[in-house]
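Peer 1: With the sequence up front, the predicted model follows.
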Amino acid sequence: MGVKLKELLKLPSLREAEIVSGSNSVDTTVTSLSFLEVSDMAFFDEKIQLPNEYYAGELVISSFFTIKDDVAKQCEAIRRLHALGELGLILYYVGVVIESLSQEVIDVAEELGFVIIMMPENDYSLRYNEVIVEIMAEILKNRPSENIVNEVLEKTSSLPAHLRNVEMSLKILSDLLRSNVLLTDGNGEIINQVKWPRNSKIDLSGMVVNDSSSTPVKKDNYWYFYKELYHKDNGLLKFYLLKEYEPLTPSVCEQSVELVQVALNLWGKNHGEISEYALVKAILNDESEKMYRLAKRLTINVKSINLMWLLQLNHPQKEKEIKNEVLEYISKYYRTSIVQLVEDQLIVLLGNYRYNEREVSLSEHFLRDSQYLAAIESLVVCPRLRNTTDVRKNYQMIDTLKGQLPILFHGKKNFTISEIRQVKYALKHVQSGESEVEEVLLILEPIRNNQEQLDTLCTFLLDVDADFQKCAERLFIHKNTVKYRIKKISELLGCDVIRISDSYEISIACLVYRMIQR
(Lines give C-alpha, C1' and ligand atoms only; values in the text may rest on other atoms or scores of the structure.)
Protein backbone atom coordinates (compact mmCIF):
# COMPACT_ATOMS: atom_id res chain seq x y z
CA MET A 1 0.00 0.00 0.00
CA GLY A 2 3.04 2.21 0.35
CA VAL A 3 6.71 2.16 1.22
CA LYS A 4 8.82 3.82 3.90
CA LEU A 5 10.84 6.77 2.68
CA LYS A 6 14.04 5.27 4.11
CA GLU A 7 13.52 2.23 1.87
CA LEU A 8 13.12 4.42 -1.22
CA LEU A 9 16.42 6.14 -0.46
CA LYS A 10 18.17 2.79 -1.00
CA LEU A 11 16.98 2.60 -4.62
CA PRO A 12 19.75 2.92 -7.24
CA SER A 13 18.24 6.10 -8.67
CA LEU A 14 18.26 7.79 -5.24
CA ARG A 15 21.44 6.31 -3.82
CA GLU A 16 23.52 9.41 -4.56
CA ALA A 17 20.80 11.84 -3.47
CA GLU A 18 21.10 13.81 -0.25
CA ILE A 19 18.41 14.59 2.35
CA VAL A 20 18.98 18.25 3.18
CA SER A 21 15.88 18.72 5.38
CA GLY A 22 13.23 16.67 7.14
CA SER A 23 15.49 13.73 8.01
CA ASN A 24 13.22 12.93 10.97
CA SER A 25 10.49 11.91 8.49
CA VAL A 26 12.33 8.98 6.88
CA ASP A 27 10.00 6.49 8.60
CA THR A 28 6.93 8.08 6.98
CA THR A 29 5.09 5.99 4.39
CA VAL A 30 5.10 7.24 0.80
CA THR A 31 1.91 6.33 -1.06
CA SER A 32 2.17 8.36 -4.25
CA LEU A 33 4.47 10.39 -6.49
CA SER A 34 3.64 13.50 -8.51
CA PHE A 35 5.35 16.07 -10.70
CA LEU A 36 5.32 19.77 -9.80
CA GLU A 37 5.41 21.47 -13.18
CA VAL A 38 4.20 24.86 -11.89
CA SER A 39 6.29 25.98 -8.92
CA ASP A 40 4.85 29.50 -8.74
CA MET A 41 2.26 29.04 -6.01
CA ALA A 42 0.22 32.12 -6.95
CA PHE A 43 -0.46 30.63 -10.40
CA PHE A 44 -0.85 27.14 -8.89
CA ASP A 45 -3.53 28.30 -6.43
CA GLU A 46 -5.43 30.25 -9.08
CA LYS A 47 -5.38 27.76 -11.95
CA ILE A 48 -4.44 24.27 -10.78
CA GLN A 49 -5.09 23.51 -7.12
CA LEU A 50 -8.23 21.46 -6.56
CA PRO A 51 -10.46 22.46 -3.65
CA ASN A 52 -11.19 19.93 -0.91
CA GLU A 53 -8.04 17.89 -1.59
CA TYR A 54 -5.05 17.07 0.59
CA TYR A 55 -2.03 15.10 -0.58
CA ALA A 56 -0.91 13.13 2.47
CA GLY A 57 2.00 10.74 1.90
CA GLU A 58 2.97 12.15 -1.50
CA LEU A 59 6.40 13.10 -2.84
CA VAL A 60 6.70 15.65 -5.64
CA ILE A 61 9.45 16.00 -8.24
CA SER A 62 10.55 19.44 -9.45
CA SER A 63 13.50 21.53 -10.59
CA PHE A 64 11.91 24.86 -9.54
CA PHE A 65 12.47 26.03 -13.12
CA THR A 66 9.68 28.64 -13.08
CA ILE A 67 11.02 30.19 -9.85
CA LYS A 68 14.72 29.40 -10.27
CA ASP A 69 15.86 32.97 -9.55
CA ASP A 70 13.45 33.79 -6.70
CA VAL A 71 14.37 32.43 -3.26
CA ALA A 72 11.27 34.00 -1.67
CA LYS A 73 9.01 32.09 -4.08
CA GLN A 74 10.98 28.90 -3.43
CA CYS A 75 10.30 29.34 0.30
CA GLU A 76 6.63 30.01 -0.44
CA ALA A 77 6.49 26.84 -2.58
CA ILE A 78 7.82 24.78 0.33
CA ARG A 79 5.29 26.31 2.73
CA ARG A 80 2.42 25.77 0.29
CA LEU A 81 3.39 22.18 -0.52
CA HIS A 82 3.60 21.43 3.19
CA ALA A 83 0.19 23.05 3.74
CA LEU A 84 -1.24 20.78 1.02
CA GLY A 85 0.03 17.74 2.91
CA GLU A 86 2.95 16.86 0.64
CA LEU A 87 5.57 14.77 2.41
CA GLY A 88 8.53 16.16 0.53
CA LEU A 89 10.27 17.26 -2.64
CA ILE A 90 12.81 15.52 -4.85
CA LEU A 91 14.76 18.46 -6.26
CA TYR A 92 16.52 18.02 -9.60
CA TYR A 93 19.20 19.99 -11.45
CA VAL A 94 20.71 22.03 -8.61
CA GLY A 95 23.65 23.83 -10.21
CA VAL A 96 22.01 23.45 -13.61
CA VAL A 97 18.54 25.04 -13.34
CA ILE A 98 18.91 26.77 -9.99
CA GLU A 99 22.41 27.95 -9.18
CA SER A 100 22.28 26.55 -5.65
CA LEU A 101 19.74 25.62 -3.00
CA SER A 102 19.52 28.56 -0.60
CA GLN A 103 20.04 27.90 3.09
CA GLU A 104 16.92 29.99 3.64
CA VAL A 105 14.86 27.42 1.72
CA ILE A 106 16.43 24.58 3.69
CA ASP A 107 15.70 26.34 6.98
CA VAL A 108 12.02 26.83 6.06
CA ALA A 109 11.70 23.15 5.12
CA GLU A 110 13.49 21.99 8.27
CA GLU A 111 11.24 24.11 10.46
CA LEU A 112 8.17 22.51 8.87
CA GLY A 113 9.56 18.97 8.92
CA PHE A 114 9.29 18.97 5.12
CA VAL A 115 11.64 16.58 3.31
CA ILE A 116 13.91 17.91 0.56
CA ILE A 117 15.83 15.21 -1.29
CA MET A 118 18.44 16.92 -3.43
CA MET A 119 19.66 14.98 -6.44
CA PRO A 120 23.40 15.16 -7.24
CA GLU A 121 24.45 18.72 -8.05
CA ASN A 122 25.74 19.87 -11.45
CA ASP A 123 24.67 16.62 -13.08
CA TYR A 124 23.25 17.05 -16.58
CA SER A 125 22.75 13.30 -17.02
CA LEU A 126 19.92 13.00 -14.47
CA ARG A 127 16.62 11.67 -15.83
CA TYR A 128 13.24 12.00 -14.15
CA ASN A 129 12.00 8.66 -15.44
CA GLU A 130 14.58 6.65 -13.48
CA VAL A 131 13.26 7.87 -10.13
CA ILE A 132 9.63 7.73 -11.28
CA VAL A 133 9.85 4.12 -12.48
CA GLU A 134 11.67 2.83 -9.41
CA ILE A 135 9.54 4.63 -6.81
CA MET A 136 6.23 3.70 -8.45
CA ALA A 137 7.36 0.08 -8.84
CA GLU A 138 8.00 -0.05 -5.10
CA ILE A 139 4.71 1.62 -4.22
CA LEU A 140 2.70 -0.65 -6.52
CA LYS A 141 4.25 -3.90 -5.35
CA ASN A 142 1.72 -6.27 -3.86
CA ARG A 143 2.68 -5.54 -0.28
CA PRO A 144 0.78 -7.07 2.65
CA SER A 145 -2.23 -4.93 3.58
CA GLU A 146 -2.08 -5.45 7.31
CA ASN A 147 -1.88 -1.86 8.50
CA ILE A 148 -4.59 0.00 6.59
CA VAL A 149 -6.28 1.27 9.75
CA ASN A 150 -3.08 2.54 11.37
CA GLU A 151 -1.76 3.99 8.12
CA VAL A 152 -4.91 5.98 7.31
CA LEU A 153 -5.44 7.14 10.89
CA GLU A 154 -1.79 8.21 11.14
CA LYS A 155 -2.13 10.30 7.99
CA THR A 156 -5.48 11.79 9.04
CA SER A 157 -4.20 12.62 12.52
CA SER A 158 -1.22 14.47 11.02
CA LEU A 159 -3.51 16.84 9.09
CA PRO A 160 -4.49 20.33 10.28
CA ALA A 161 -7.29 20.16 12.85
CA HIS A 162 -10.02 21.32 10.45
CA LEU A 163 -9.21 18.42 8.08
CA ARG A 164 -9.31 15.63 10.65
CA ASN A 165 -12.67 14.18 9.72
CA VAL A 166 -14.40 11.14 8.30
CA GLU A 167 -14.43 12.42 4.72
CA MET A 168 -10.66 12.98 4.67
CA SER A 169 -10.12 9.48 6.11
CA LEU A 170 -12.21 8.07 3.26
CA LYS A 171 -10.21 10.07 0.70
CA ILE A 172 -6.94 8.68 2.05
CA LEU A 173 -8.46 5.18 2.01
CA SER A 174 -9.55 5.68 -1.60
CA ASP A 175 -6.05 6.75 -2.62
CA LEU A 176 -4.50 3.85 -0.74
CA LEU A 177 -6.77 1.22 -2.32
CA ARG A 178 -7.24 3.02 -5.65
CA SER A 179 -10.93 2.35 -5.14
CA ASN A 180 -14.24 4.21 -5.12
CA VAL A 181 -15.64 4.65 -1.60
CA LEU A 182 -19.26 5.34 -0.68
CA LEU A 183 -20.98 5.90 2.68
CA THR A 184 -24.75 6.34 2.91
CA ASP A 185 -27.33 6.56 5.66
CA GLY A 186 -29.83 3.80 6.33
CA ASN A 187 -32.11 5.09 3.56
CA GLY A 188 -29.35 4.99 0.97
CA GLU A 189 -28.87 8.76 0.88
CA ILE A 190 -25.22 9.59 0.20
CA ILE A 191 -23.25 11.02 3.12
CA ASN A 192 -19.77 10.72 1.58
CA GLN A 193 -18.50 9.55 -1.77
CA VAL A 194 -14.92 9.52 -3.01
CA LYS A 195 -14.20 8.59 -6.61
CA TRP A 196 -11.10 6.95 -8.03
CA PRO A 197 -9.75 8.60 -10.06
CA ARG A 198 -11.12 11.90 -8.72
CA ASN A 199 -12.24 13.12 -12.15
CA SER A 200 -14.30 9.97 -12.76
CA LYS A 201 -17.76 10.65 -14.21
CA ILE A 202 -19.20 7.39 -12.93
CA ASP A 203 -22.48 7.56 -10.98
CA LEU A 204 -21.66 5.55 -7.88
CA SER A 205 -25.19 5.71 -6.49
CA GLY A 206 -26.45 3.83 -9.54
CA MET A 207 -23.92 1.03 -9.20
CA VAL A 208 -24.25 -0.06 -5.58
CA VAL A 209 -25.07 -3.68 -4.87
CA ASN A 210 -26.66 -4.48 -1.50
CA ASP A 211 -25.18 -7.94 -1.18
CA SER A 212 -24.91 -9.10 2.42
CA SER A 213 -22.03 -11.42 1.55
CA SER A 214 -18.98 -10.86 3.73
CA THR A 215 -16.67 -11.17 0.72
CA PRO A 216 -16.25 -8.97 -2.38
CA VAL A 217 -18.33 -9.86 -5.45
CA LYS A 218 -17.55 -9.18 -9.12
CA LYS A 219 -19.98 -7.56 -11.53
CA ASP A 220 -18.88 -6.56 -15.02
CA ASN A 221 -15.48 -4.86 -14.60
CA TYR A 222 -16.02 -3.92 -10.95
CA TRP A 223 -15.41 -5.61 -7.64
CA TYR A 224 -17.99 -4.65 -5.02
CA PHE A 225 -18.02 -4.83 -1.27
CA TYR A 226 -20.97 -3.82 0.92
CA LYS A 227 -21.32 -3.74 4.70
CA GLU A 228 -23.95 -2.35 7.04
CA LEU A 229 -22.57 -0.52 10.07
CA TYR A 230 -24.25 0.69 13.21
CA HIS A 231 -22.86 3.72 14.99
CA LYS A 232 -24.15 4.98 18.33
CA ASP A 233 -24.46 8.60 17.16
CA ASN A 234 -25.42 8.02 13.53
CA GLY A 235 -27.56 4.88 13.54
CA LEU A 236 -27.50 2.55 10.54
CA LEU A 237 -24.93 3.35 7.84
CA LYS A 238 -24.06 1.55 4.61
CA PHE A 239 -20.45 1.30 3.42
CA TYR A 240 -19.37 0.40 -0.11
CA LEU A 241 -16.09 -0.22 -1.92
CA LEU A 242 -16.13 -0.37 -5.74
CA LYS A 243 -12.86 -1.11 -7.51
CA GLU A 244 -12.38 -1.40 -11.25
CA TYR A 245 -10.54 -4.43 -12.73
CA GLU A 246 -8.38 -5.33 -9.69
CA PRO A 247 -10.00 -7.53 -7.04
CA LEU A 248 -10.66 -6.45 -3.46
CA THR A 249 -9.38 -8.97 -0.94
CA PRO A 250 -11.43 -9.94 2.13
CA SER A 251 -8.61 -8.64 4.35
CA VAL A 252 -8.67 -5.20 2.72
CA CYS A 253 -12.45 -5.02 3.03
CA GLU A 254 -12.46 -6.02 6.70
CA GLN A 255 -9.79 -3.46 7.54
CA SER A 256 -11.67 -0.77 5.61
CA VAL A 257 -14.80 -1.44 7.67
CA GLU A 258 -12.75 -1.24 10.86
CA LEU A 259 -11.24 2.05 9.66
CA VAL A 260 -14.67 3.60 9.03
CA GLN A 261 -15.85 2.55 12.48
CA VAL A 262 -12.77 4.02 14.18
CA ALA A 263 -12.95 7.24 12.11
CA LEU A 264 -16.62 7.64 13.05
CA ASN A 265 -15.76 7.20 16.73
CA LEU A 266 -12.91 9.73 16.52
CA TRP A 267 -14.34 12.40 14.24
CA GLY A 268 -17.85 11.39 13.28
CA LYS A 269 -19.99 12.34 16.23
CA ASN A 270 -23.35 13.22 14.72
CA HIS A 271 -21.83 12.62 11.27
CA GLY A 272 -25.36 12.17 9.97
CA GLU A 273 -26.85 15.03 12.00
CA ILE A 274 -29.08 17.44 10.11
CA SER A 275 -28.61 20.93 11.56
CA GLU A 276 -27.19 24.32 10.67
CA TYR A 277 -24.28 23.63 13.03
CA ALA A 278 -23.46 20.42 11.14
CA LEU A 279 -23.69 22.35 7.86
CA VAL A 280 -21.23 25.01 9.05
CA LYS A 281 -18.83 22.33 10.30
CA ALA A 282 -19.06 20.54 6.95
CA ILE A 283 -18.20 23.80 5.15
CA LEU A 284 -15.21 24.46 7.41
CA ASN A 285 -14.01 20.84 7.27
CA ASP A 286 -14.09 20.49 3.47
CA GLU A 287 -16.77 17.79 3.64
CA SER A 288 -18.37 18.69 0.34
CA GLU A 289 -20.70 15.70 0.00
CA LYS A 290 -22.00 16.17 3.52
CA MET A 291 -22.35 19.92 2.99
CA TYR A 292 -24.57 19.57 -0.09
CA ARG A 293 -26.61 16.80 1.52
CA LEU A 294 -27.30 18.91 4.61
CA ALA A 295 -27.97 22.05 2.59
CA LYS A 296 -30.54 20.17 0.54
CA ARG A 297 -32.27 18.79 3.62
CA LEU A 298 -32.25 22.21 5.32
CA THR A 299 -33.37 23.94 2.09
CA ILE A 300 -30.41 26.33 2.27
CA ASN A 301 -28.78 27.45 -0.96
CA VAL A 302 -25.09 27.50 0.02
CA LYS A 303 -24.22 28.95 -3.39
CA SER A 304 -26.01 32.15 -2.40
CA ILE A 305 -23.61 32.75 0.52
CA ASN A 306 -21.37 35.68 -0.43
CA LEU A 307 -20.60 37.36 2.90
CA MET A 308 -19.24 36.18 6.24
CA TRP A 309 -18.90 37.83 9.62
CA LEU A 310 -16.56 36.17 12.10
CA LEU A 311 -16.89 37.32 15.69
CA GLN A 312 -14.26 36.52 18.33
CA LEU A 313 -15.87 36.44 21.76
CA ASN A 314 -14.15 37.01 25.09
CA HIS A 315 -17.10 36.21 27.40
CA PRO A 316 -18.36 32.65 26.70
CA GLN A 317 -21.25 33.11 29.11
CA LYS A 318 -22.76 35.67 26.72
CA GLU A 319 -22.55 33.46 23.62
CA LYS A 320 -26.26 32.67 23.41
CA GLU A 321 -27.32 36.29 23.88
CA ILE A 322 -24.86 37.56 21.26
CA LYS A 323 -25.97 34.88 18.79
CA ASN A 324 -29.61 35.88 19.21
CA GLU A 325 -28.75 39.58 18.87
CA VAL A 326 -26.79 38.97 15.65
CA LEU A 327 -29.55 36.78 14.20
CA GLU A 328 -32.23 39.36 14.97
CA TYR A 329 -30.15 42.12 13.38
CA ILE A 330 -29.02 40.43 10.16
CA SER A 331 -32.38 38.77 9.41
CA LYS A 332 -33.70 42.25 8.59
CA TYR A 333 -31.19 42.55 5.76
CA TYR A 334 -30.57 39.03 4.37
CA ARG A 335 -32.86 36.26 3.17
CA THR A 336 -30.13 33.65 3.72
CA SER A 337 -28.58 33.74 7.18
CA ILE A 338 -26.76 31.12 9.24
CA VAL A 339 -25.41 31.98 12.69
CA GLN A 340 -23.54 29.28 14.60
CA LEU A 341 -21.01 29.15 17.40
CA VAL A 342 -17.90 27.11 16.54
CA GLU A 343 -15.08 26.91 19.09
CA ASP A 344 -15.79 30.25 20.80
CA GLN A 345 -16.20 32.01 17.45
CA LEU A 346 -19.53 33.13 16.08
CA ILE A 347 -19.71 32.39 12.36
CA VAL A 348 -22.29 34.35 10.41
CA LEU A 349 -22.90 33.29 6.78
CA LEU A 350 -25.07 35.62 4.71
CA GLY A 351 -26.58 35.86 1.25
CA ASN A 352 -29.44 37.34 -0.77
CA TYR A 353 -29.22 40.91 0.50
CA ARG A 354 -32.68 42.48 0.61
CA TYR A 355 -31.78 46.06 -0.33
CA ASN A 356 -29.90 47.96 -3.01
CA GLU A 357 -27.89 50.30 -0.80
CA ARG A 358 -24.38 49.43 0.33
CA GLU A 359 -24.01 46.83 3.05
CA VAL A 360 -20.43 47.58 4.09
CA SER A 361 -21.45 49.65 7.11
CA LEU A 362 -23.79 47.06 8.64
CA SER A 363 -21.14 45.51 10.87
CA GLU A 364 -20.11 48.93 12.18
CA HIS A 365 -23.73 49.79 12.97
CA PHE A 366 -24.22 46.43 14.69
CA LEU A 367 -21.21 46.97 16.96
CA ARG A 368 -22.30 50.52 17.70
CA ASP A 369 -25.74 49.39 18.88
CA SER A 370 -24.83 46.03 20.45
CA GLN A 371 -25.71 45.48 24.10
CA TYR A 372 -22.77 43.09 24.39
CA LEU A 373 -19.95 45.12 22.84
CA ALA A 374 -17.62 44.41 25.77
CA ALA A 375 -18.01 40.66 25.16
CA ILE A 376 -16.98 40.96 21.49
CA GLU A 377 -13.22 40.91 20.93
CA SER A 378 -13.42 41.55 17.18
CA LEU A 379 -15.67 41.29 14.15
CA VAL A 380 -14.11 40.53 10.75
CA VAL A 381 -16.16 41.12 7.60
CA CYS A 382 -15.44 38.96 4.53
CA PRO A 383 -17.33 40.24 1.45
CA ARG A 384 -17.46 39.01 -2.15
CA LEU A 385 -17.18 35.32 -1.32
CA ARG A 386 -17.37 33.25 -4.50
CA ASN A 387 -18.06 29.87 -2.90
CA THR A 388 -17.76 27.88 0.31
CA THR A 389 -14.06 27.31 -0.39
CA ASP A 390 -13.59 31.06 0.09
CA VAL A 391 -15.52 30.78 3.37
CA ARG A 392 -13.18 28.06 4.59
CA LYS A 393 -9.97 29.79 3.49
CA ASN A 394 -10.96 33.11 5.06
CA TYR A 395 -12.01 31.36 8.27
CA GLN A 396 -8.67 29.54 8.49
CA MET A 397 -6.67 32.71 7.85
CA ILE A 398 -8.60 34.68 10.49
CA ASP A 399 -8.39 31.80 12.96
CA THR A 400 -4.61 31.68 12.50
CA LEU A 401 -4.10 35.44 12.91
CA LYS A 402 -6.82 36.37 15.42
CA GLY A 403 -4.32 36.52 18.27
CA GLN A 404 -2.39 39.25 16.46
CA LEU A 405 -5.30 41.67 16.12
CA PRO A 406 -5.45 43.20 19.64
CA ILE A 407 -1.65 43.55 19.60
CA LEU A 408 -1.43 45.28 16.22
CA PHE A 409 -4.69 47.28 16.24
CA HIS A 410 -5.11 48.98 19.60
CA GLY A 411 -8.71 49.29 20.74
CA LYS A 412 -10.15 48.34 17.36
CA LYS A 413 -12.99 45.81 16.98
CA ASN A 414 -14.30 46.11 13.41
CA PHE A 415 -12.06 44.66 10.66
CA THR A 416 -12.23 43.80 6.98
CA ILE A 417 -10.62 40.72 5.47
CA SER A 418 -8.27 43.08 3.61
CA GLU A 419 -6.78 44.14 6.94
CA ILE A 420 -6.28 40.49 7.89
CA ARG A 421 -4.46 39.94 4.60
CA GLN A 422 -2.23 42.90 5.44
CA VAL A 423 -1.39 41.28 8.78
CA LYS A 424 -0.56 38.03 6.98
CA TYR A 425 1.64 39.90 4.50
CA ALA A 426 3.43 41.84 7.26
CA LEU A 427 3.98 38.66 9.27
CA LYS A 428 5.54 37.01 6.22
CA HIS A 429 8.05 39.87 6.04
CA VAL A 430 8.95 39.43 9.71
CA GLN A 431 9.36 35.67 9.29
CA SER A 432 11.64 36.22 6.28
CA GLY A 433 14.41 37.65 8.44
CA GLU A 434 16.09 40.85 9.56
CA SER A 435 17.11 42.09 6.11
CA GLU A 436 13.52 41.83 4.87
CA VAL A 437 12.25 43.70 7.94
CA GLU A 438 14.74 46.52 7.45
CA GLU A 439 13.74 46.81 3.79
CA VAL A 440 10.07 47.21 4.74
CA LEU A 441 10.84 49.72 7.52
CA LEU A 442 13.03 51.82 5.24
CA ILE A 443 10.04 54.00 4.32
CA LEU A 444 9.70 55.00 8.02
CA GLU A 445 13.39 55.84 8.41
CA PRO A 446 12.88 59.65 8.55
CA ILE A 447 10.73 59.31 11.69
CA ARG A 448 12.24 56.17 13.30
CA ASN A 449 13.81 58.21 16.10
CA ASN A 450 10.68 60.28 16.84
CA GLN A 451 8.39 58.21 19.05
CA GLU A 452 5.61 60.80 19.02
CA GLN A 453 5.41 60.78 15.24
CA LEU A 454 5.58 56.97 15.08
CA ASP A 455 2.78 56.59 17.62
CA THR A 456 0.64 59.16 15.83
CA LEU A 457 1.14 57.49 12.45
CA CYS A 458 0.42 53.96 13.75
CA THR A 459 -2.67 55.12 15.62
CA PHE A 460 -3.95 57.10 12.64
CA LEU A 461 -3.53 54.32 10.05
CA LEU A 462 -4.07 51.16 12.08
CA ASP A 463 -6.35 51.97 15.01
CA VAL A 464 -8.83 54.59 13.77
CA ASP A 465 -9.01 54.09 9.99
CA ALA A 466 -7.35 57.44 9.20
CA ASP A 467 -10.04 59.41 11.06
CA PHE A 468 -8.63 62.69 12.44
CA GLN A 469 -11.28 63.12 15.14
CA LYS A 470 -10.99 59.55 16.43
CA CYS A 471 -7.20 59.81 16.40
CA ALA A 472 -7.38 63.01 18.46
CA GLU A 473 -9.65 61.32 20.99
CA ARG A 474 -7.38 58.28 21.19
CA LEU A 475 -4.24 60.38 21.75
CA PHE A 476 -5.97 62.98 23.98
CA ILE A 477 -4.94 65.87 21.75
CA HIS A 478 -6.75 68.41 19.57
CA LYS A 479 -7.92 67.41 16.09
CA ASN A 480 -5.83 70.21 14.54
CA THR A 481 -2.76 68.83 16.29
CA VAL A 482 -3.34 65.48 14.59
CA LYS A 483 -3.70 67.21 11.22
CA TYR A 484 -0.47 69.11 11.79
CA ARG A 485 1.43 65.97 12.80
CA ILE A 486 0.14 63.95 9.83
CA LYS A 487 1.07 66.78 7.45
CA LYS A 488 4.56 66.95 8.97
CA ILE A 489 4.96 63.16 8.79
CA SER A 490 3.90 63.17 5.13
CA GLU A 491 6.53 65.81 4.36
CA LEU A 492 9.24 63.81 6.12
CA LEU A 493 8.28 60.54 4.42
CA GLY A 494 7.95 62.19 1.02
CA CYS A 495 4.42 60.95 0.40
CA ASP A 496 0.82 61.60 1.40
CA VAL A 497 -0.12 59.08 4.09
CA ILE A 498 -3.81 59.77 3.49
CA ARG A 499 -3.64 58.80 -0.18
CA ILE A 500 -4.54 55.12 -0.63
CA SER A 501 -1.61 54.29 -2.92
CA ASP A 502 0.84 55.59 -0.32
CA SER A 503 -0.98 54.56 2.85
CA TYR A 504 -0.99 50.84 1.99
CA GLU A 505 2.80 50.55 1.95
CA ILE A 506 3.11 52.67 5.08
CA SER A 507 0.41 50.62 6.86
CA ILE A 508 2.39 47.43 6.18
CA ALA A 509 5.49 49.13 7.60
CA CYS A 510 3.53 50.20 10.70
CA LEU A 511 2.30 46.64 11.21
CA VAL A 512 5.84 45.29 10.92
CA TYR A 513 7.03 47.98 13.35
CA ARG A 514 4.43 46.98 15.94
CA MET A 515 5.23 43.28 15.46
CA ILE A 516 8.91 43.73 16.27
CA GLN A 517 8.24 46.19 19.12
CA ARG A 518 5.91 44.00 21.17
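Peer 2: Perfect, thanks for sending it.

Peer 1: switch to C-alpha atoms for all contacts and neighbour counts from now on
Peer 2: Will do.

Peer 1: For the stretch 251-400 of the chain, which segments count as helices?
Peer 2: 276-284, 288-297, 319-330, 362-369, 388-401 (DSSP state H, counting those that start in this stretch).

Peer 1: Quick check: which of the ones you listed is buried the most?
Peer 2: Comparing the helices of the stretch 251-400 of the chain by mean neighbour count (mean count of other CA atoms under 10 Å), helix 276-284 comes out on top with a mean of 21.

Peer 1: Can you check what angle separates that one from helix 388-401?
Peer 2: For helix 276-284 against helix 388-401, the angle by axes from the mean of the first three to the mean of the last three CA atoms, to 10 degrees is 90 degrees.

Peer 1: So which elements touch helix 276-284?
Peer 2: helix 288-297, strand 334-342, helix 388-401 (3 or more CA pairs under 8 Å, 6 or more residues apart in numbering; DSSP states H and E).

Peer 1: what's the closest of the helices of the stretch 251-400 of the chain to Lys483?
Peer 2: Taking CA to CA, helix 362-369 is the member of the helices of the stretch 251-400 of the chain nearest to Lys483, at 24.6 Å.

Peer 1: I'd like the mean pLDDT over the closest one, please.
Peer 2: Across helix 362-369, the average pLDDT comes to 93.

Peer 1: again, but for stretch 379-387
Peer 2: Stretch 379-387 shows a mean pLDDT of 94.

Peer 1: just for this structure, where's the confidence low?
Peer 2: For the chain, the stretches flagged by pLDDT under 70 are 1, 39-54, 142-146, 209-214, 270-273.

Peer 1: one step back: in TSV: the helices and strands packed on helix 276-284, plus distance to Leu441.
Peer 2: Converted to TSV, those look like this (distance: least, CA to CA, whole Å):
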stretch	distance to Leu441
helix 288-297	43
strand 334-342	38
helix 388-401	21
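
Peer 1: picking that back up, got a markdown table for the helices of the stretch 251-400 of the chain, with distance to Leu236 too?
Peer 2: What follows is those, written out as a markdown table (distance: least, CA to CA, whole Å):
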| stretch | distance to Leu236 |
| --- | --- |
| helix 276-284 | 18 |
| helix 288-297 | 16 |
| helix 319-330 | 33 |
| helix 362-369 | 43 |
| helix 388-401 | 29 |
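
Peer 1: closest to Tyr93 out of these?
Peer 2: helix 388-401 (34.2 Å).

Peer 1: which helices and strands does the helix or strand following the closest one pack with?
Peer 2: From helix 388-401 onward toward the C-terminus, using DSSP states H and E, the following helix or strand is helix 405-408. Applying 3+ CA pairs under 8 Å, 6+ apart, one finds that helix 405-408 makes contact with helix 500-517.

Peer 1: Give the buried residues for the helix it packs on.
Peer 2: Residues Ser503, Ile506, Ser507, Ile508, Ala509, Cys510, Leu511, Val512, Tyr513, Met515 are the ones in helix 500-517 that count as buried (16 or more other CA atoms under 10 Å).

Peer 1: ok, the fifth one - contacts?
Peer 2: In other words, Ala509. Ala509 is in contact with Ala426, Val440, Leu441, Ile443, Leu444, counting by CA atoms under 8 Å, 6 or more residues apart in numbering.

Peer 1: Tell me the one among those residues nearest to Lys290.
Peer 2: Checking those against Lys290 by CA to CA gives Ala426 as the nearest, at 36.3 Å.

Peer 1: Wait, a helix at the closest one?
Peer 2: Yes - under DSSP: H, G, I helix; E, B strand; the rest coil, Ala426 sits within a helix.

Peer 1: Settle this for me: it is touching Val512, isn't it.
Peer 2: Yes - between Ala426 and Val512 a contact is recorded at 5.6 Å, counting by CA atoms under 8 Å.

Peer 1: can you pull the contacts of the nearest residue to Arg335 once chain neighbours are set aside?
Peer 2: Taking CA to CA, 6 or more residues apart in numbering, and ignoring the residues beside it in sequence, Arg335 has Asn352 as its nearest neighbour in space, at 5.3 Å. Counting by CA under 8 Å, 6+ apart, Asn352 touches Ser304, Ile305, Tyr334, Arg335, Thr336.

Peer 1: residues touching the nearest residue to the second one once chain neighbours are set aside, list them.
Peer 2: The shortest distance from Ile305 to any non-neighbouring residue, by CA to CA, 6+ apart, is to Gly351 (4.4 Å). Contacts for Gly351 were tallied using CA under 8 Å, 6+ apart; they are Ser304, Ile305, Asn306, Leu307, Tyr334, Arg335, Thr336, Ser337.

Peer 1: any idea how far the first one lies from Arg386?
Peer 2: Using CA to CA, to the nearest Å, Ser304 is found at 9 Å from Arg386.

Peer 1: For those two, indicate the residue with more neighbours.
Peer 2: Taking neighbours as other CA atoms under 10 Å, Ser304 and Arg386 compare with Ser304 leading, 18 against 13.
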